[in-house]
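Engineer: task: produce atomic coordinates for the following.
(3 chains)
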Amino acid sequence: MNGFFQKDVISIRDLGKEELDSIFSATEKIIGLDPNQRREIARGKVLGYLFFEPSTRTRLSFQSAMALIGGTSLGIADVSSSAVQKGESLSDTVRVMSGYTDVLVLRHPLDGSSRFSAEISQKPIINGGSGTEEHPTQAIQDLFTIKREKKKIDGLKIGIVGDLKYGRTVYSLLHGLCNYNVDVHLISPESLKIRKDSTYDIKKKLSYTESTNLDEYIDDLDVLYMTRIQKERFPDEEEYVKVRGSYVIGLDMVKKMKEDAIILHPLPRIDEISTDVDSSKQAKYFEQAEYGKYTRAALLGLILNKNGF
Amino acid sequence: MNGFFQKDVISIRDLGKEELDSIFSATEKIIGLDPNQRREIARGKVLGYLFFEPSTRTRLSFQSAMALIGGTSLGIADVSSSAVQKGESLSDTVRVMSGYTDVLVLRHPLDGSSRFSAEISQKPIINGGSGTEEHPTQAIQDLFTIKREKKKIDGLKIGIVGDLKYGRTVYSLLHGLCNYNVDVHLISPESLKIRKDSTYDIKKKLSYTESTNLDEYIDDLDVLYMTRIQKERFPDEEEYVKVRGSYVIGLDMVKKMKEDAIILHPLPRIDEISTDVDSSKQAKYFEQAEYGKYTRAALLGLILNKNGF
Amino acid sequence: MNGFFQKDVISIRDLGKEELDSIFSATEKIIGLDPNQRREIARGKVLGYLFFEPSTRTRLSFQSAMALIGGTSLGIADVSSSAVQKGESLSDTVRVMSGYTDVLVLRHPLDGSSRFSAEISQKPIINGGSGTEEHPTQAIQDLFTIKREKKKIDGLKIGIVGDLKYGRTVYSLLHGLCNYNVDVHLISPESLKIRKDSTYDIKKKLSYTESTNLDEYIDDLDVLYMTRIQKERFPDEEEYVKVRGSYVIGLDMVKKMKEDAIILHPLPRIDEISTDVDSSKQAKYFEQAEYGKYTRAALLGLILNKNGF
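Structural biologist: Numbering: from 1, shown residues only, chains lettered A, B, ... in the order given. Have a look, this model is predicted:
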């Protein structure tokens, strides 16, 4: 029996190196598989999505993953038009949805929402992003992209740049990187530095530096992970305008980078990476987005099939 | 040829005991069927949904039913973003949608909307809730749940509790119960008593009592059917607050019930049933929700296949 | 290899008579095909829809077309809840979506949006309506309806009536008709006459008259193509009220028409055609809507299959 069968995927912290490796292998297998065989993996199975905050990208990534392996998706893309509006609890919504489907993906603004839901759901729950720190399938996608594009993760120098305070994906990625022997450089404006209270565990397992100066590291990085500085996170628009342009990657910056470095971004981007960078060979963020389809398909395939696929 | 083939399902009043029995048998068959065989029932068929008032639950129940039997669903989940906004009539919307699909489910605030639509549609129409009284697939689901959990319907003592004035499901359930030999107790606040003008037909076929006192009946019921007291039905919030907590089922109430009684609820609930009741053996409302998937799948299967399945 | 394989469909102007004929043949083939064979055409393929302005009808037509040939659809029905809200560019949205899907349909208010998207997408783009003039799949549907119902297009007298200034479908239809030897009569209020600057190319290939008087032509037309006078196009409500009722087709008008004439309408209609006309034998607008499913299925089938189907 494979270890993911009928299991919840709540936090990247629950996944060790071995688990990650088996997801990566399954992903490579999915990519290489004949489409007809691929469609057998989830034939007749139904993925339910419950999005308590909108995330078109994550939803479509899951839907396309499910379609790739022959399954169907249904659910609530935006909770504002649902029964929850009538005062229904998360718990009831999850229980009813789990009666309609074989596996559920939940997106929710509150920390702990996924773990709570997993306790009451009859079907496996995948956390599609919750609270301020958890987005395990994004971290899996990011790690897979690094591994596939750089042929390894251990030994890499990884710069993570931008909004490190509010960016949910950053915390999940850092927890994922704890499984590897990497040098991490966190680069952000002072006001967007990583939260001390959230890195307590990370600090014990991962060596990282903090800086406000990207120039200092740019020529040495193997992986440059950019993030969006989200306007909606700032209480004050003036503060936003001040830091917004701080870390913009243009072709001038790319020229300083190693030939075989890669640039990643969880997307959507606004102007952190200028569009003329898109055609540089370092730019791998669109590949990263597409790999998300394959990693999610692999995860769903493992959850739904006792003996893997 | 099965009697539902290419037929509309507009009102529970159109279904006699024999028709209900054939839906119940088909439902049992669906539940027992091998998934691969199940998926053949609606293979390549398309269900269209047209929801002129939002009902995520009913929509997802139909979508999951269609997926279970191998079909696809598409449609308008919320009419506010549709052509209807441009002034299109219900009649035109139904005619166009019926050209895209094999069977249609319509949800509409107006009485008569489904019957009207059935007259102009080329494809069978299923009423997914209309006006103040009609919700036939909910009634089928409720009756099936009673039959499956209690092994019979005839001879049961059934309490229906809460908002009996505005609850669409209550009227449909009562009409469905007219086919059986049952004792019904209607229990509600004075201001939410069942409407006299709507029970004219029911009164001739069904013996029921009316009361404001649940305590009087609780220990004698075989089925306790709870309903939500809907805030949006009250013109006056003060009146709502007054009756809201009148009939709340907690563990203290469950203890008074028969060992083998069952508690049902069409969901969503707010606080009519406290959550600690969920794990009592009488609680069957989540099973009831899941049975809705199977009864709808059975109905769709009968409508779409000449000789049944 | 068929000429549409992996090709974009951006403008009806890119399609010559030969291309149109091959779509029409493919459509006839789809209509005649056994459902089981039909479902093989796009088995396991995914259509992505990206609607930057809502069009339930066009979306559902594409979704039903894809379902008919065995494929799946996913996407953004209404961009207001998507990542684009967070400031993402059209270009990024298209690139990410093209990684999730096999073919994309784009609806967008701006001229040129589809051609621009096709340049950056890895997957074929179908224009599902853009700017003021382009709606190629609607024109294909209209031309197919004429050909199927009248057994030919050459030699017909075609009246196009209503809002010729703002109606996107009218310009696409006129460009399509340039491939045929037809007499076209454009009939509209003065304030809604066709735009001079947009008919420069059409004028060189197509002979048409302009008039405000439908009565003059009604008894001579083979095809009467009605359009909706869209309230939202008028800056001034008074002006709208003035022209609104100018060209209403009732049974009195139908009586003046040739026995074998046909009435078309891209729908939705408001009151340009009274509902008692629906049952006249000239009324073909609901057939036209259904043909849209088959022409789109044919187009998708050609784009997705190297050697056709």
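
Engineer: make it CA atoms for all contacts and neighbour counts henceforth
Structural biologist: Noted.

Engineer: who does residue A:106 form a beta bridge with?
Structural biologist: residue A:50, residue A:127 (DSSP bridges).

Engineer: ok now do it, which residues does it touch?
Structural biologist: Residue A:106 is in contact with A:49-52, A:114, A:125-129, counting by C-alpha atoms under 8 Å, 6 or more residues apart in numbering or on different chains.

Engineer: which pLDDT value goes with the residue in the stretch 51-200 of chain A that chain C sits nearest to?
Structural biologist: Residue nearest to chain C within the stretch 51-200 of chain A: residue A:56 (5.2 Å; C-alpha to the nearest C-alpha). pLDDT, residue A:56: 90.

Engineer: surely it touches residue C:77?
Structural biologist: No: Residue A:56 is beyond contact range of residue C:77, at 10.5 Å (criterion: C-alpha atoms under 8 Å).

Engineer: joint contacts of these two?
Structural biologist: Joint contacts of residue A:56 and residue C:77 (C-alpha under 8 Å, 6+ apart) do not exist.

Engineer: please, where are all the helices along the stretch 101-250 of chain A?
Structural biologist: For the stretch 101-250 of chain A, the helices defined by DSSP state H, counting those that start in this stretch occupy A:113-120, A:136-150, A:168-177, A:200-205, A:237-244.

Engineer: need those helices in CSV (columns: mean neighbour count and distance to residue A:67).
Structural biologist: Putting those into CSV (neighbours: other C-alpha atoms under 10 Å in any protein chain shown; distance: least, C-alpha to C-alpha, whole Å) gives the following:
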stretch, mean neighbour count, distance to residue A:67
helix A:113-120, 19, 24
helix A:136-150, 22, 17
helix A:168-177, 24, 25
helix A:200-205, 13, 36
helix A:237-244, 14, 37
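
Engineer: right, and the ones you listed - which one's nearest residue C:32?
Structural biologist: Of all those, it is helix A:136-150 that lies closest to residue C:32, at 44.2 Å by C-alpha to C-alpha.

Engineer: got the angle for the closest one vs helix A:168-177?
Structural biologist: 60 degrees (axes from the mean of the first three to the mean of the last three C-alpha atoms, to 10 degrees).

Engineer: next one: helix A:136-150 to chain centre, how far?
Structural biologist: Centroid separation for helix A:136-150 versus its chain: 8 Å, with C-alpha atoms, centre = their mean, to the nearest Å.

Engineer: let me know the closest of the contacts of residue A:106 to residue A:213.
Structural biologist: Once C-alpha to C-alpha is applied, the member of those that ends up nearest residue A:213 is residue A:129, at 29.4 Å.

Engineer: what about the residue of the stretch 51-200 of chain A closest to chain C, how many residues nearby?
Structural biologist: A count of nearby residues for residue A:56, using other C-alpha atoms under 10 Å in any protein chain shown, gives 19.

Engineer: for residue C:221, find the nearest of the helices of the stretch 101-250 of chain A.
Structural biologist: Here helix A:136-150 is closest among the helices of the stretch 101-250 of chain A (C-alpha to C-alpha), at 60.2 Å.

Engineer: pLDDT of that closest one, averaged?
Structural biologist: Mean predicted confidence for helix A:136-150 is 98.

Engineer: thinking again about what came up before, distance of the residue of the stretch 51-200 of chain A closest to chain C relative to chain B?
Structural biologist: Residue A:56 sits 17 Å away from chain B, going by C-alpha to the nearest C-alpha, to the nearest Å.
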